[in-house]
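In: Provided below are the primary sequence and the corresponding predicted coordinates.
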Amino acid sequence: MREPGGAVNDAAPADGAAPDAPPPRRAATVHTPVLAAEALGLLALEPGMTVVDGTLGGGGHTRLLLDAVGPTGRVIACDLDHGAIERAAAEFAGRPVRLAHANFRDIPEVLDAVGIDTVDAVLLDIGLSSDQLADHERGFSFDADGPLDLRFDVSEGEPAWRLVARLRPETLADILHRFGEERYGKRIARRIATVREKEPIRTARQFARIVAGAVPPQHPPARIHPATRSFQALRIAVNEELKSLSIALSRIPGRLRPGGRLAVISFHSLEDRIVKQAFLNAQTWERLTRSPVEAGPDEVARNPRSRSAKLRAARRQG
Ligand SMILES: C[S@@+](CC[C@H](N)C(=O)[O-])C[C@H]1O[C@@H](n2cnc3c(N)ncnc32)[C@H](O)[C@@H]1O
């Protein structure tokens, strides 16, 4: 089980590897960091600074943070995904980075574990990475024949297919409505209840098909897959995403030096609302962004995932 603070290790050698063993071979990341220049600019990093990347993912932002703080600075990078930590251990060998398999809501415990009191900046780029989306065993993509798992940390908690199998239709409808803003939540939940009486619902593809069959056809056809909101809702539920974000936002100021900066990139309105609300606390934060920074047309053309990204940043009051 993951302790608060998680296992913290230097970038190399990889966790559990013999000191001079070659790092484990993992496929290179397919994730492209979003709003990278904008986030880096708002964090105003300088050589020698200590920074937390709360969402390591494919390591794109971590690399840029490392470059910005230079060899005299330090980056502490967390992720709930074991694969992200393993990949980064190999990739950042020899660089001043500490990796922690941890939830970003436990950043204070991660810092305690490495003997750091306060840091100069924190970055959170929340949600899921393209590496997770591409791994069909994780169930994040609609056409995955792997289990509908949807956990960032597969060693903890309950996979989504189990929620789909055991929750009452009213509870499922509530999750779809609250975490997916899905207006057809009740219809979808009723369809799930009917189907699961006849066959177990296990794979992401199967779940996507059931949802698509439950919602009325859209005219004109919707831009997004009809199961998008339902996947989002289950993912938020199994990972307690909104709760983690709220806890993190309440705890990070205690570990940021006065004048230190926090930047958060979110991908849907529920998360953005929480960040916006937190930054309105003028005793704690001086906002650096009144409205969220969004990707320009060039970035959206290069990386369609950036279309829904919203970046907000604030400075801790001194
Ligand atoms: C959008 S990706 C980050 C991509 C990264 N910035 C990059 O440039 O490659 C989000 C990552 O955050 C991780 N994550 C999501 N919620 C988390 C949490 N509460 N604590 C730690 N990591 C989390 C996911 O596992 C995923 O790897």
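Out: Alright, I've got the coordinates. Since we're looking at a predicted model, the values are computed, not measured.

In: for the stretch 1-150 of the chain, which residues are neighbours of the ligand?
Out: By CB under 6 Å from any ligand atom, the part of the stretch 1-150 of the chain that sits against the ligand consists of 31, 33, 54-55, 57-61, 78-81, 84, 103-104, 125-129. No exception for glycine: its C-beta is placed from N, CA and C like everyone else's.

In: so which of the residues you listed sit within strands?
Out: Here DSSP state E is the test, and those give 78-79, 125 as lying in strands.

In: which single one of those is nearest to Gly254?
Out: Nearest to Gly254 out of these is Cys78 (CB to CB; 16.4 Å).

In: so what's the closest one bridging to?
Out: Counting by DSSP bridges, Cys78 is bridged to Ala100.

In: what's the neighbour count on it?
Out: 26 (other CB atoms under 10 Å).

In: what of Val34?
Out: Quick note: Val34 (other CB under 10 Å) scores 25 neighbours.

In: surely it and Asp125 touch.
Out: Yes: assessed by CB atoms under 8 Å, Val34 is found in contact with Asp125 at 7.1 Å.

In: quick check: closest non-adjacent residue to the residue in the stretch 1-150 of the chain that the ligand sits nearest to.
Out: Relative to the ligand, the nearest point of the stretch 1-150 of the chain is Gly57 (2.4 Å; CB to the nearest ligand atom). Nearest-residue entry for Gly57: Ser129, 3.9 Å, with adjacent residues in sequence omitted and distances by CB to CB, 6 or more residues apart in numbering.

In: over to Gln283?
Out: Gln317 (6.6 Å).

In: now do the buried residues in the lengthiest helix in the chain.
Out: The residue-count maximum for a helix in the chain (DSSP state H) belongs to helix 185-198. Across helix 185-198, burial judged by 16 or more other CB atoms under 10 Å covers 185-189, 191-193, 195.

In: now swap in stretch 299-318 and tell me
Out: Quick answer for stretch 299-318 (16+ other CB under 10 Å): 299-300, 303, 305-306, 308-316.
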